[in-house]
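Enquirer: how does the following fold in three dimensions:
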Amino acid sequence: MLIVWRGKLHSAAAPDPPPQVSVVTATTQKLSTKLVIVGTIEPVVEIDLGAREAGTLAAVAANIGDHVTKGEVLASLDTGQLAPDVAAAAARLRMAEANGAAAASAYERVADIRATGAIAPKRIDDLAADAAAQKAQIGIAKADLAAAQARLAEAAVIAPTDGVIAARDAEVGQYAAPGGPPLFTLIGSQGLIFRATIPQDQIALIAPGVAVTFDLPGGTVTGKMIGADPAVDAATHLGTVRVALPRNPALRVGAFVEATVDLGCHRQMAVPQTALVADAGGFHVVVVAHGVAVFHPVTLASLPGNASTLVPVASGVAPGDVIVADAGASLFNGQRVRPVD
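Expert: Numbers count the residues shown, from 1 in each chain. As a prediction, the model looks like this:
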């Protein structure tokens, strides 16, 4: 018996096409570097002003926010006792000068006739001593007058420099005395600075003159780095940097703010972060050569303050290498792929 098997003939299955991958060409990149620091806005000059003489405040002429000039009277004490003291001291000086003039005249009249013997030498010596004593009294009276005038002058609180009144604790009728609480706090017109404390390894990155940007609610302000203090705290290993600030209403004394220091640009081989794959040996990228995925171990470069989305690479990638932009974990070494720019 002849048996014929009729079946359907199947052709061999076509292989799956290689996966399509997006690629970029490796090249050195211009990477911007920045450092974010936080600190406080402070005045260059801040002066607490108090009473230099004890007494009751008779007038207060300055308020918070007032712009004042050097020598301006901010407040004055009651001079009811001090002014008469000056007048009395001036009167005593005039009396001493009159007595001195009389004593000097009396001595001069007899000094030239000592040799004649008409007047006893002792009398002449007494007149000379009296003239010298009266001259000394004039000096004492002048010193007393100067002291009284100084006390009168110190009965006023004077602005020692141009600036703005930042605080006031002075009211008419209030008793004030040297060594007491400040009556005013004056921010000098020398301007403001930004002061921040940062780790010692970051200090080495900062150079005087670089731009420092502040993004504040009132707008963006740019200052210039003054530099770092010469000493670093031995316990914390932190150092202080200072930034000169322009005049701007957005800057307020005492504000705790964030600043960005522009460290400049550095040319460095770099790849997208998505091109890096972490494995047990570290990091690698996938290079496409002749349509084949080849794993290249890479060493990352240290670039403090890197502000770009690219990752700097020290070795493992050469200029011109075609790298898979989003390597992921689905590719394997030696796999055929279809690169797409």
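
Enquirer: domains for the protein, by residue range?
Expert: 20-29+267-340, 35-45+189-266, 55-77+155-188, 79-153 (automatic domain parsing).

Enquirer: span of the first one from start to end?
Expert: As for domain 20-29+267-340, its first-to-last residue distance stands at 7 Å under the measure C-alpha to C-alpha, to the nearest Å.

Enquirer: could you do the third one as well?
Expert: Distance across domain 55-77+155-188, first residue to last, is 27 Å (C-alpha to C-alpha).

Enquirer: and the helices in the protein?
Expert: 82-111, 121-153, 200-203 (DSSP state H).

Enquirer: with residue 18 as the reference, name the closest of those.
Expert: Nearest of those to residue 18, taken as C-beta to C-beta: helix 200-203 at 46.7 Å. Just so you know, the C-beta spots here come from the backbone N, C-alpha and C atoms, and that holds for glycine as well.

Enquirer: residues near residue 26, how many?
Expert: By the criterion of other C-beta atoms under 10 Å, residue 26 has 22 neighbours.

Enquirer: quick revisit: will you turn the domains of the chain into CSV that also has mean pLDDT?
Expert: What follows is the domains of the chain, written out as CSV (pLDDT from 0 to 100):
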stretch, mean pLDDT
domain 20-29+267-340, 90
domain 35-45+189-266, 91
domain 55-77+155-188, 90
domain 79-153, 78
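
Enquirer: for residue 33, list each beta-bridge partner.
Expert: Per DSSP bridges, the residues bridged to residue 33 are residue 264, residue 306.

Enquirer: let me see the contact set for it.
Expert: 263-266, 303-307 (C-beta atoms under 8 Å, 6 or more residues apart in numbering).

Enquirer: which of those are buried? Put it as a PyMOL command.
Expert: In PyMOL, this line selects whichever of those come out buried by 16 or more other C-beta atoms under 10 Å:
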select buried, resi 263+266+303+305+306
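
Enquirer: among the contacts of residue 33, which two are most distant?
Expert: Most distant of the contacts of residue 33, by C-beta to C-beta, are 265 and 304, 13.6 Å apart.

Enquirer: which residues are in contact with the nearest residue to residue 201 once chain neighbours are set aside?
Expert: With sequence-adjacent residues excluded and distances taken as C-beta to C-beta, 6 or more residues apart in numbering, residue 201 is closest to residue 304, at 7.9 Å. By C-beta under 8 Å, 6+ apart, the contact set of residue 304 is 33, 35, 201-202, 205, 263.

Enquirer: gap between residue 304 and residue 159?
Expert: For residue 304, the distance to residue 159 equals 45 Å [C-beta to C-beta, to the nearest Å].

Enquirer: and residue 69, by the same measure?
Expert: 7 Å.

Enquirer: with neighbour numbers in mind, choose between those two.
Expert: residue 159 (21 against 10).

Enquirer: in this structure residue 300 contacts residue 310, no?
Expert: No - at 11.3 Å, residue 300 does not count as touching residue 310 under the criterion of C-beta atoms under 8 Å.

Enquirer: go ahead and confirm residue 179 touches residue 50.
Expert: Yes - using C-beta under 8 Å, residue 179 is in contact with residue 50, at 7.5 Å.

Enquirer: out of these two, which sits in the more crowded spot?
Expert: For residue 179 versus residue 50, neighbours defined as other C-beta under 10 Å are more numerous around residue 50 (16 against 7).

Enquirer: now the more buried one, nearest residue through space, not along the chain?
Expert: residue 182 (5.0 Å).

Enquirer: any idea how far the one you found lies from residue 223?
Expert: 29 Å.

Enquirer: neighbour count winner among those two?
Expert: Set side by side, residue 182 and residue 223 show more neighbours around residue 223, with 23 against 16, by other C-beta under 10 Å.

Enquirer: and the more buried one, bridged to which residues?
Expert: What pairs with residue 223, by the bridge criterion (DSSP bridges), is residue 212.

Enquirer: C-alpha coordinates for stretch 276-292, PDB please?
Expert: Provided in PDB are the C-alpha atoms of stretch 276-292 (Å, rounded to 0.1, in the frame of the first residue of the first chain):
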ATOM      1  CA  LEU A 276      26.900  55.700  31.000                       C
ATOM      2  CA  VAL A 277      26.100  52.200  32.300                       C
ATOM      3  CA  ALA A 278      27.200  51.200  35.800                       C
ATOM      4  CA  ASP A 279      28.400  47.600  36.300                       C
ATOM      5  CA  ALA A 280      30.500  45.700  38.800                       C
ATOM      6  CA  GLY A 281      33.700  47.100  37.400                       C
ATOM      7  CA  GLY A 282      32.600  50.700  37.400                       C
ATOM      8  CA  PHE A 283      31.200  52.500  34.400                       C
ATOM      9  CA  HIS A 284      31.200  51.800  30.700                       C
ATOM     10  CA  VAL A 285      29.800  53.300  27.500                       C
ATOM     11  CA  VAL A 286      28.600  51.400  24.400                       C
ATOM     12  CA  VAL A 287      30.600  52.300  21.300                       C
ATOM     13  CA  VAL A 288      29.200  51.300  17.900                       C
ATOM     14  CA  ALA A 289      31.900  50.100  15.600                       C
ATOM     15  CA  HIS A 290      31.000  48.600  12.200                       C
ATOM     16  CA  GLY A 291      27.400  48.000  13.400                       C
ATOM     17  CA  VAL A 292      28.500  46.200  16.600                       C
END
